[in-house]
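here's my sequence, what's the structure:
(2 chains)
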Amino acid sequence: MTSERSTIQYPLSRAHARKPGGCAENPPKLLRRERGVEARGETPTLQFIFEIIKPDNDSGYALYLVLIVLTVAAILFTITLTSIRNTNLQSIRSLQRTQADLLAQSGIARLEYFLNGGDGHDITWQSARYEERIGSYGAILLSCARWGAYNRFSSIGTRLKVSRTMAGLVGRDIPGVLRPALTLSGHIGGLVLAEGSAIDGQVVLHHGAVKRNNNRTVERGSGKWTVHRSSASLPFDKRPLDDFIVKCRTLLANASGDTLAVPSSITLTRDNDSLIGRSPLVVLGSCTVGRIDGAGATVVVDGTVLVNNSTACMGICFVAQRVIVEGGQTRGCVFFCDKPIVIAAGTHASQFFSTDSITVAEDARCASPAVLACRRVVRPDSSLSGCIIIAGDCRVSAHAICYADSTELFRGMRAGPGIVVNQGAEINGFLITDSDIDIQAATVNGGMYARSISTMHNNLPSKNWLYACALREPGGTMMFPLLGEIPMRVEMNRER
Amino acid sequence: MVEGKAGYTLLEVLVALTVFLLVLTPLLTRLVITGSSSRAADRITAACLLEQESALASHSPDAVLPHETRNLYGRLWTVKTATTGGELKEYQMKAYKGERLAGSVRWYQYCGNDE
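Numbers count the residues shown, from 1 in each chain, chains lettered A, B, ... in the order given. All right, here's what the predicted structure looks like:
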């Protein structure tokens, strides 16, 4: 049946197919649409859907369909673009990270260049902020400051929007003057190896020979590894150590006058680490150290610093009236006080400075790059105070340095040994003193540099007798404090 | 049945376009992503290559060649190195995939205490 201009009739079902010559009898009720739209071929289902969307409207469905299509296309397009952009960004960032890493390493190379005397600098070079731009490629930001016997450095390499940071402690390789296993700078001369002592390396004496046991038999082959020369009292310039101690004393002296000081005792933990954002933090009381990462902060305590079993501390310089170490773990820290320090227990990869004695007890462990530094002072009775004592059966990976201030009248004064190593101790590091070393039945993997060996054996004093000791060369690379002659190779202990 | 000119209604065209887009969009997307991923992979490869070569240069400065080729998965990569300076050397290293520059790095190295 032909549809009229304004109405549409759907095909009739078989049951209602028109009969020849006339209209269908009792045609079924049909859905109608107005306004001359031919919908030849539309199924009842589609028509039903359209009627639901637009029940009584004549404007059509094209717009909605177009909008739906565009929406879907836009979503897919956005996802695609985002995916492409992320992939590109990842690859670009990967390359820039490599570039920034190498720039940060370049900062360390620049530091090594300055410390080795480049551009008129020397081993004491320090800078709060040294910036270098490499054209339009990138930039290096370098900072370096004295941190006890080492330096603390930070090198930031920036390439466009990516920055990489390298930070930690910087020391050096072992100075050439400390390569021999044993150097005796005193003029007593000679050396006797007794009770199975062995030396693996060179021996430097002012004069005399190396003998075995009863001081009569020259040690076989010792001529090859014995060197005779005059040696300085210390193998390096001690001024950097003196300057650091003077700086610490100045901080301590000015503590009470600091208007921003914390007026009471505190416990330093991560919960209040905002306090150390202001460096130096001054505490007019005691300070108990908890779990904290100071990242190079300085804390001046006009009282006692307590390091106990709950301590896990990194990267803080403590300047105090007194330091008590009962346990815990410290790493990259510096402790200074004018009173004796006893390291009773714990594991400490830190530096300890005192103008009195430093004692490492049997239960304590020192790990590299630990330093025990003692600067001796004159007592009222004209004797020299201070020494470093390492308990028996102790395992210590540290360098021990004991020396007298250059302003002190060292000659003619009564001075005990600068370093005392008790029986059974094992030291990985260097023992350096401008005085005597008292050592028996101990192992030293590193070296010894002293005026002489002075010890009591069977209640008899002996000079330059080594009883049951083993001196060996250091195994592997060992970081040494930033002291001594240049040229040198920089060694790092990276924290970041 | 209506007798009229042959053709398609707007609705049919839109439906056809929709189907066409639904099929074409993922194909085009995959094509573009593949191309983009290929360039990204080249950049990452260049970054890794430059990192390796710079590490070798750091350990053995004398062994650094100005022009070095590497064959990676059947592709020829070239690393060109230029140095300037004395004690503090500046290195410039560029990685090429074929003739195309894929990445470059610059860094300093202290060579003053090399024996």
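
alpha carbons of whatever helix or strand residue A:397 lives in, as CSV, please.
Per DSSP states H and E, residue A:397 falls inside strand A:395-404. Backbone C-alpha positions of strand A:395-404 (Å, rounded to 0.1, in the frame of the first residue of the first chain) are rendered in CSV as follows:
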residue,chain,number,x,y,z
ARG,A,395,86.4,-5.4,66.9
VAL,A,396,87.0,-1.9,65.6
SER,A,397,86.9,-0.6,62.0
ALA,A,398,88.1,2.9,62.6
HIS,A,399,91.1,5.2,62.4
ALA,A,400,92.6,6.3,65.7
ILE,A,401,94.4,9.6,65.8
CYS,A,402,96.0,11.0,69.0
TYR,A,403,98.1,14.1,68.9
ALA,A,404,99.2,17.0,71.0
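
direction included, what does that strand pair up with?
Next to strand A:395-404 in the sheet, as set by DSSP bridges, lie strand A:364-376 (parallel), strand A:426-433 (parallel).

make JSON lines out of those strands and add mean neighbour count, mean pLDDT and distance to residue A:88.
Every residue, glycine included, has its C-beta placed from N, CA and C. Listed next are the strands paired with strand A:395-404 as JSON lines, based on neighbours: other CB atoms under 10 Å in any protein chain shown; pLDDT from 0 to 100; distance: least, CB to CB, whole Å:
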{"stretch": "strand A:364-376", "mean neighbour count": "24", "mean pLDDT": "93", "distance to residue A:88": "43"}
{"stretch": "strand A:426-433", "mean neighbour count": "24", "mean pLDDT": "95", "distance to residue A:88": "50"}
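
burial check on residue 80, number of neighbours?
Defaulting to chain A. Counted with other CB atoms under 10 Å in any protein chain shown, the neighbours of residue A:80 add up to 18.

the intended chain is chain B.
For residue B:80, the neighbour count with other CB under 10 Å is 15.

so what's it bridging to?
With DSSP bridges as the rule, residue B:80 is bridged to residue B:67, residue B:94.

same question, residue A:465
In this entry, residue A:465 is beta-bridged to residue A:192, by DSSP bridges.

compute the number of surrounding residues for it.
When neighbours are defined as other CB under 10 Å, residue A:465 has 23 of them.

got the residue ranges for the helices in chain B?
Remark: helices assigned in chain B by DSSP state H are B:10-59.

okay, now the unreliable bits of it?
Where chain B drops to pLDDT under 70, the residues are B:1-5, B:64, B:113-115.

can you read off the pLDDT for residue A:308?
The model reports residue A:308 with a pLDDT of 93.

thinking again about what came up before, output the strands paired with strand A:395-404 as CSV; include the columns distance to residue A:451.
Below are these laid out as CSV (distance: least, CB to CB, whole Å):
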stretch, distance to residue A:451
strand A:364-376, 13
strand A:426-433, 7
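
how about whichever residue of the stretch 251-400 of chain A sits closest to chain B, nearest residue that isn't a chain neighbour?
Closest contact between the stretch 251-400 of chain A and chain B, by CB to the nearest CB, is at residue A:369 (20.2 Å). Once flanking residues are discounted, residue A:369 sits nearest to residue A:479: 4.8 Å by CB to CB, 6 or more residues apart in numbering or on different chains.

ok, the residue of the stretch 251-400 of chain A closest to chain B touching residue A:349?
Yes: counting by CB atoms under 8 Å, residue A:369 touches residue A:349, with 6.5 Å between them.

need the three-state assignment for residue A:471.
Following DSSP: H, G, I helix; E, B strand; the rest coil, residue A:471 is assigned to strand.

spit out the contact partners of it.
Taking CB atoms under 8 Å, 6 or more residues apart in numbering or on different chains, we find residue A:471 in contact with A:181-182, A:197-201, A:444, A:447-448.

what is the burial count for residue A:294?
For residue A:294, using other CB under 10 Å, the count is 21.

per-residue confidence for it?
The model reports residue A:294 with a pLDDT of 86.

so it versus residue B:24, what's the distance?
60 Å (CB to CB, to the nearest Å).

wait, isn't the residue nearest to residue A:369 in contact with residue A:491?
Yes: assessed by CB under 8 Å, residue A:479 is found in contact with residue A:491 at 4.2 Å.
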